[in-house]
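Trainee: Sequence first, predicted coordinates after that:
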There are 2 protein chains.
Amino acid sequence: MNECDVVVLPEGVILKAARGAILADVLRNSELPIRLDCRLRGVCGKCLVEIIRGDAAEPDETERFLIRNRQADGRFRLACRCRIQGPLTVRIPRESLLLSIPALTEGFRREFILDPPLRKFAAAPAAATLEEPEAVLDLIVSRFGDKKTLISPAALARLAASGSSAERTITVVMHGNEILDIEPGDTTERILGLAVDLGTTTVVAEVVDLLMGRSLAVATALNGQARFGSDVVSRISAAHLNAAALGELRDAARETINLLIGELLARIGALRSDIYEAVIAGNTAMTHLLLGLPVATLAVAPFQSLFSALPALPADRTGIRINPAGRVYLAPNIKSFVGGDISAGLTAIDIENGPHSLLFIDLGTNGELVLKHGGILLTTSTAAGPAFEGMSLSCGMIAAPGAVHRADFVDELALGTIDGGPAVGVCGSGLIDLLAIALDQGWMTAAGSISNPAKVIVISPAIALLQKDIREIQLAAAAIKTGIKRLLAEAGLSPADLDKIVVAGAFGNTLNFRNAACLGLIPSVAENKIDFVGNSSLAGARILLLSAAERDRCEALVRRIRHVSLAQGPAFEDAFVESLEFKPWK
Amino acid sequence: MNECDVVVLPEGVILKAARGAILADVLRNSELPIRLDCRLRGVCGKCLVEIIRGDAAEPDETERFLIRNRQADGRFRLACRCRIQGPLTVRIPRESLLLSIPALTEGFRREFILDPPLRKFAAAPAAATLEEPEAVLDLIVSRFGDKKTLISPAALARLAASGSSAERTITVVMHGNEILDIEPGDTTERILGLAVDLGTTTVVAEVVDLLMGRSLAVATALNGQARFGSDVVSRISAAHLNAAALGELRDAARETINLLIGELLARIGALRSDIYEAVIAGNTAMTHLLLGLPVATLAVAPFQSLFSALPALPADRTGIRINPAGRVYLAPNIKSFVGGDISAGLTAIDIENGPHSLLFIDLGTNGELVLKHGGILLTTSTAAGPAFEGMSLSCGMIAAPGAVHRADFVDELALGTIDGGPAVGVCGSGLIDLLAIALDQGWMTAAGSISNPAKVIVISPAIALLQKDIREIQLAAAAIKTGIKRLLAEAGLSPADLDKIVVAGAFGNTLNFRNAACLGLIPSVAENKIDFVGNSSLAGARILLLSAAERDRCEALVRRIRHVSLAQGPAFEDAFVESLEFKPWK
């Protein structure tokens, strides 16, 4: 028999392999996420695996050198140099895992190395002797290398309470070079993080297993700040005019996130104290309000944020109820109203390694745009309002059960709802379809005027589009169009020059790009040039939670992006008015 | 007239200088503390001075290069290359100041560069534009280079509140690469720090002007923990046996320091919020108790501390009432009972640059010893008890008004008190003198037995030495002697090999070294080999407050020191018993 089993831990996957095959090939062909940085050239030493039991040919001198170089011992092999001789059980250690975020479409399947800033180490400190009574902390720190290690008095007290002097095993919770906490026993298998998309309308939170990079549960809620207005501007105004309102807006955002945390933890049976880090991606206004920071500089021109990148903050000073010794990291703001939701989105699509000319459109409450052209990165934000998220329309609703999310017209109007049940309202993608149909059928003019004298387009017994609804969408679409035109002009490009248009936002994958193009919301390009990536803000937050290197890259990326302002007098207004017409791009 | 005036700011000193003289020579001859790292070779560029007005020859190309290299502009000159042509007014900037701590004796006059981790910068942030709406924080941080800057949400809120967007001047309070606080206006002239010697018996605190490195006021109080016992061991026991006692000991230490802070601030007319950093030097037990950390590991063999060096802690988490955004740094513990008071003391005497073979003796409640021999550093601590500080003796008292601090016998006993007033008790140095006299006069035997049948040595109407007092001193002195012998043996040295003996502690300069040697408390060496340095713990804390580089050096030094344990069965007991006799070293 020339085939044998290879069992791969910790997943427990069983693979069939030919005797004599190279382990890395077997793993790769099964899409097991192992690092192969040098592409099997056998020089990077990153594909370290632990041989639990079984037969493999002996390593040669080069492999032994590479293994020693990684500070690994004889139990380890490099998968790319390990020839299978018989049944084998191997474990892929965390540092050899390559993560792949599957939420995004194939065009931007995103790979990165699992290396979260937050890590746990089990330690059974060596006993001190009378001759060398090393400090308890020093005995532990010596295990993690020479780098200066930070620790709080609270964590020191926990160290003392863990009875480490009695040589019991403890778990050290580290964030970068800082010891956040000490847990008694070996708890390294339980290490959770939280990714949050803090949207103006909707807040999505996800609990992630940091050991394996897996999403454990996702939950969504409306942002509790909504009572101060559905758009960013009204919340900034409220906070700017009234210090008490600023406090209430801060507390509302915190409570929304804290309620989601409670719901997620109940679902997976974990404790708040298990979560040691949260990464929150939100627009500039949301992150300022979350921290309770004055928004005066965002309220008046030139619309400055107070900060772009911040270090990970002590959780107990942010009001986010994860482990109080934990950290809260905010995805960095780019400039002005282009915030951390966008920097997270750009991380999710790995814009730097994407096609040469790429336009990123986030259709949220603000319409944010990023244009990449070679090494140039430009951004702007538009006051699109919450129409695309279904808010502020008489028939609008978020993408929830009962929402019309797509519509078609062959002989008659056919509506599709998210849950297949009766239609109770229309969400963003449904609106685009309905408007395209209305234009095509002559129910409204290209200028957005409803053709019938009653000025109502009846969609179903429960749903009707009013003239004011159409005006709202029209203004939002014109804002986006104007912004796209401005960025393209700034880079000297025409829509045909774009290799890719990436659309992110609540639309998800249900937006009909032909309808969107026919209304002029996005340029008319070949279908294969368009990617819908859904909630890239959450996907980016998850990556920033799982990779210290991606966090650094994101902060560096943000500094490279140039802001283009739209509010510039008559030229802007002309372009805006011209964009009001519903028609495809030339 | 060949002479002219040179006015030196900020001190306003007026010097006479010959026309044609080099400015650095003039400053150096007047002992003005300017950095001359390359000793006037004109290559290091450290002696930068600002020419406020007056005549000096033009700089040459090399000097211009060095000045540009220091990022200075045309107003600046290098003092070592600046030839005086006429009356001159110059300002020595902070970074060119060399500090000299005068508290210690001439043998260890200590020079270091004034470069505190805590600094203030005035900034008038450039206005953001619509085209480049840089974040407010980024506009400020860009002034301090590329290093990653940390900031808390509280400091961000203060930044927002300072109305910096209106181009008003603000002051940024930085600690290392962290922005601690923002103050409106230019407050760079007001920057205070606190140095504390947290002794078991006595606590001394000093307010220091960090801009000029000057001491502004010093105050002393008894450690409020005294009600739990006068020695370290009884306090550790109390805290170890009872969690409530640990909290009370913590609070007592904090209250003592906070009361001293209040007293000092009242005296100089400053506010708590002006002090942004405190450096506290205390023995291992004191620093653990101050932080409220469990002392279990200090209570039982092998007597481990929990930590040696800690990062500067947020003040509001330590209970020390300086500016709540400030930092508290603890001088690093060495090992076991050899704590931060000793590492500060070693910093104060710059032990690394001291003589080849040096013995450092700190005669506090614990007697701590450090022996340097070339590159070797050994330390040990002895349970000397508080006898040398005047505690625990029937006639003992601390070195305060009314204390006998020296005694003489020619024809009769002559007592000197600290204030010259009537004697009410005896402090450490007085006790040594009295015991030496008692031995010399035959009032007691070398074995410490009082010769008269009443077993009382009457010193004055108010003061008498009892047999139990002598036993207490005898045990304390024997502990010190045994420790010194052990360290010398470990290094293979005899007392004659020592280049220097440095005695630190409450004795100050009043200890009669001949009497101490005659009792055998210290080895008999030539008088010029002995230095009394007083409170080197406080002096070291002050240096650690004023110099980031010295802080790093101190932490590195601590890691090099090897601990020698005294508690090792019969050999130790034999050595101890042998040391009980009052007699000079062989």
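Mentor: Received, thanks. Residues are numbered from 1 along each chain as shown, chains lettered A, B, ... in the order given.
Trainee: where does the stretch 251-400 of chain A come near chain B, residue by residue?
Mentor: A:291-294, A:296-297, A:301-308, A:310-311, A:313, A:317-318, A:333, A:335-336 (C-beta under 8 Å from any C-beta of the partner chain). All C-beta spots, glycine's among them, are computed from the backbone N, C-alpha and C.
Trainee: how about a cut-off of 10 Å?
Mentor: Proximity of the stretch 251-400 of chain A to chain B, by C-beta under 10 Å from any C-beta of the partner chain, involves residues A:284, A:288, A:290-298, A:300-314, A:317-319, A:328, A:330, A:332-338.
Trainee: So among those, which ones count as buried?
Mentor: A:284, A:288, A:290-298, A:302-314, A:318-319, A:328, A:330, A:332-338 (16 or more other C-beta atoms under 10 Å in any protein chain shown).
Trainee: out of the residues you listed, which are inside strands?
Mentor: In this view, those that belong to strands under DSSP state E are A:313-314, A:328, A:330.
Trainee: Taking those residues together, which two end up most distant?
Mentor: A:Pro314 and A:Leu330 (13.1 Å; C-beta to C-beta).
Trainee: Give the residues shared as contacts by the two.
Mentor: B:Pro153 (C-beta atoms under 10 Å, 6 or more residues apart in numbering or on different chains).
Trainee: could you pull out the strands for the stretch 451-586 of chain A?
Mentor: Counting by DSSP state E, counting those that start in this stretch, one finds strands in the stretch 451-586 of chain A at the ranges A:456-460, A:463-466, A:500-504, A:530-534, A:562-563.
Trainee: Residues contacting the second one, please?
Mentor: Spelled out, that is strand A:463-466. So strand A:463-466 is contacted by A:393-397, A:404, A:415, A:423-426, A:430-431, A:434-435, A:438, A:443-444, A:450, A:454-459, A:472-473 (C-beta under 10 Å, 6+ apart).
Trainee: Also the last one?
Mentor: With contact meaning C-beta under 10 Å, 6+ apart, strand A:562-563 is reached by A:302-303, A:334-338, A:371, A:376-381, A:490, B:128-134.
Trainee: at 6 Å instead, please
Mentor: A:335-336, A:378-379 (C-beta atoms under 6 Å, 6 or more residues apart in numbering or on different chains).
Trainee: What strands flank that strand, and is each parallel or antiparallel?
Mentor: strand A:376-382 (parallel) (DSSP bridges).
Trainee: Go through the partner strand and flag the buried ones.
Mentor: Neighbour-count burial for strand A:376-382 [16+ other C-beta under 10 Å]: A:377-382.
Trainee: Also stretch A:488-499?
Mentor: A:488, A:491, A:493, A:495, A:498.
Trainee: now swap in stretch A:189-205 and tell me
Mentor: A:191-205.
Trainee: of all these, which comes closest to B:Ala478?
Mentor: So of those, ranked by how close each gets to B:Ala478 (C-beta to C-beta), first place is A:Ile191, at 54.1 Å.
Trainee: Who are the contact partners of that closest one?
Mentor: A:120, A:210-211.
Trainee: Now it. Nearest residue, chain neighbours left out?
Mentor: Residue nearest to A:Ile191 in three dimensions, not counting chain neighbours: A:Leu210, with 4.6 Å by C-beta to C-beta, 6 or more residues apart in numbering or on different chains.
Trainee: again with A:Gln474
Mentor: Leaving aside its chain neighbours, A:Gln474 sits nearest to A:Gly448 (4.4 Å; criterion: C-beta to C-beta, 6+ apart).
Trainee: Over to A:Ile376?
Mentor: A:Ala491 (6.1 Å).
Trainee: And the helices in the stretch 101-250 of chain A, which stretches?
Mentor: A:136-141, A:153-161, A:232-241, A:243-268 (DSSP state H, counting those that start in this stretch).
Trainee: Let me see the domain layout of chain A.
Mentor: Domain ranges of chain A: A:3-96, A:118-184, A:192-330, A:349-586, per automatic domain parsing.
Trainee: of all those domains, which lies closest to B:Glu263?
Mentor: Short answer: domain A:118-184, nearest of the domains of chain A by C-beta to C-beta, at 25.8 Å.
Trainee: does the closest one come close to chain B?
Mentor: Yes - Domain A:118-184 is in contact with chain B by C-beta under 6 Å from any C-beta of the partner chain, via A:128-131, A:133, A:135-138, A:150, A:153, A:156-157, A:160, A:165.
Trainee: out of these, who's nearest B:Gly86?
Mentor: A:Leu150 (53.9 Å).
Trainee: ok, that closest one - contacts?
Mentor: A:178, B:311.
Trainee: State the pLDDT value of it.
Mentor: Here, the pLDDT recorded for A:Leu150 equals 88.
Trainee: now swap in A:Leu435 and tell me
Mentor: Value for A:Leu435, per-residue pLDDT: 94.
Trainee: Give me the neighbour count for it.
Mentor: Using other C-beta atoms under 10 Å in any protein chain shown, A:Leu435 has 27 neighbouring residues.
Trainee: same question, the one 5 residues further on
Mentor: Other residues lying near A:Asp440 total 12 when counted by other C-beta under 10 Å.
Trainee: if we can go back for a sec, the residue nearest to A:Ile191 and A:Pro116 touch, don't they?
Mentor: Yes - under the contact definition of C-beta atoms under 6 Å, A:Leu210 touches A:Pro116, with a separation of 4.8 Å.
Trainee: how about the residues of the stretch 451-586 of chain A near chain B?
Mentor: So the stretch 451-586 of chain A meets chain B at A:Ser565 (C-beta under 6 Å from any C-beta).
Trainee: OK, now which residue of the stretch 451-586 of chain A is nearest to chain B?
Mentor: Of all residues in the stretch 451-586 of chain A, the one sitting closest to chain B is A:Ser565 (4.4 Å; C-beta to the nearest C-beta).
Trainee: Name the nearest residue to that residue, ignoring sequence neighbours.
Mentor: Per C-beta to C-beta, 6+ apart, closest to A:Ser565 is B:Leu130, 4.4 Å.
Trainee: now A:Tyr276, what's its secondary structure?
Mentor: strand (DSSP: H, G, I helix; E, B strand; the rest coil).
Trainee: pretty sure it is touching A:Pro324, no?
Mentor: No - using C-beta under 6 Å, A:Tyr276 is not in contact with A:Pro324; the gap is 10.1 Å.
Trainee: For the two, indicate the residue with more neighbours.
Mentor: Remark: of A:Tyr276 and A:Pro324, A:Tyr276 carries more neighbours, 26 against 15, as counted by other C-beta under 10 Å.
Trainee: where does the more buried one land on pLDDT?
Mentor: Per the predicted model, pLDDT is 98 at A:Tyr276.
Trainee: Contacts only, for it.
Mentor: A:Tyr276 touches A:118, A:173, A:323, A:326, counting by C-beta under 6 Å, 6+ apart.
Trainee: and the residues you listed, which are buried?
Mentor: Buried subset of these (neighbour count, 16+ other C-beta under 10 Å): A:118, A:173, A:323, A:326.
Trainee: Including pLDDT, could those go into a markdown table?
Mentor: Output for the buried ones among the contacts of A:Tyr276, formatted as a markdown table (pLDDT from 0 to 100):
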| residue | pLDDT |
| --- | --- |
| A:Leu118 | 95 |
| A:Val173 | 95 |
| A:Asn323 | 97 |
| A:Gly326 | 97 |
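Trainee: From those, pick the one nearest chain B.
Mentor: A:Gly326 (15.1 Å).
Trainee: My guess is that closest one contacts A:Pro314. True?
Mentor: No - using C-beta under 6 Å, A:Gly326 is not in contact with A:Pro314; the gap is 8.0 Å.
Trainee: Look at the spatially closest residue to A:Arg81 that is not a sequence neighbour and say how many residues are nearby.
Mentor: Distances taken as C-beta to C-beta, 6+ apart put A:Glu63 closest to A:Arg81, at 4.6 Å, once the chain neighbours are dropped. The local packing of A:Glu63 (other C-beta under 10 Å) involves 18 other residues.
Trainee: same deal with the one 3 residues further on?
Mentor: Around A:Leu66 there are 22 other residues, counting by other C-beta under 10 Å.
Trainee: Name the nearest residue to it, ignoring sequence neighbours.
Mentor: Counting by C-beta to C-beta, 6+ apart, the residue nearest A:Leu66 is A:Gly45, at 3.8 Å.
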